[in-house]
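Novice: Have a look; sequence and predicted model below, questions after that.
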Amino acid sequence: MFKSRWMNILFLMMGLLIIGSVIAFFVIDSLAKDKADVRNPNIDQIVNDLTVSTGEITTNIKGNHFIKVDFNIQVSNKSAKDELSKRSFQVKNAVIYVVSAMTPGDLQDQNGIANLEILIKNRVNGFLESGHVTHVYTTEKIVQ
């Protein structure tokens with residue numbers, strides 16, 4: 001190609017460097033998309049990609065009462081959903097700790113439920129590493 005052997009090697013090295021840079025860009029970009037927060041998700045994204053259900057949790061609360069609760073926790077990205085699914089035992093533990101300190105009166109009105117959701121959100125955000133909790137939805141609540 002070129003008369004000088006070193007010029008051929010230099011040209012080949014530059015070509016490989018450019019190709020390697022393009023490949024590295026696409027790999028890093030695809031990894032970053034998984035960890036990037038989803039802005040303004042539609043309902044399909046929320047349900048399929050960003051929400052984890054705690055399942056039914058029954059525990060005692062103050063005053064010899066019991067509560068049965070179920071939450072759907074929405075997170076900021078797919079990586080956080082995967083992590084939250086793996087940490088389901090920690091989520092259940094957090095719910096039990098938060099709820100066990102409450103009385104039936106604390107959980108009767110809308111303000112009590114909103115407060116419970118905020119407390120759970122803060123507690124779960126304390127151990128979530130790859131994203132954050134955006135919403136906690138109470139899907140079932142029975143106090144006896």
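Specialist: Cool, got the structure. Numbers count the residues shown, from 1 in each chain.
Novice: how close does the closest residue to residue 85 other than its chain neighbours sit to residue 88?
Specialist: Distances taken as Cβ to Cβ, 6 or more residues apart in numbering place residue 52 nearest to residue 85, at 5.6 Å, with adjacent residues excluded. Every C-beta, even on glycine, is put in place using the N, C-alpha and C of the backbone. Residue 52 is 7 Å from residue 88, where distance means Cβ to Cβ, to the nearest Å.
Novice: If you count surrounding residues, which of these two has more?
Specialist: Taking neighbours as other Cβ atoms under 10 Å, residue 52 and residue 88 compare with residue 52 leading, 22 against 14.
Novice: Quickly note the distance from the more buried one to residue 141.
Specialist: From residue 52 to residue 141 the distance is 18 Å (Cβ to Cβ).
Novice: now swap in residue 61 and tell me
Specialist: 11 Å.
Novice: For the residue sitting nearest the centre point of the chain, give me its contacts.
Specialist: The residue lying closest to the centre of the chain (Cα atoms, centre = their mean) is residue 80, at 3.0 Å. By Cβ atoms under 8 Å, 6 or more residues apart in numbering, the contact set of residue 80 is 50, 128, 130, 131, 132, 133.
Novice: what's the nearest residue to the fourth one if we skip its chain neighbours?
Specialist: Computed as Cβ to Cβ, 6+ apart, the closest residue to residue 131 that is not its neighbour in sequence is residue 80, at 2.6 Å.
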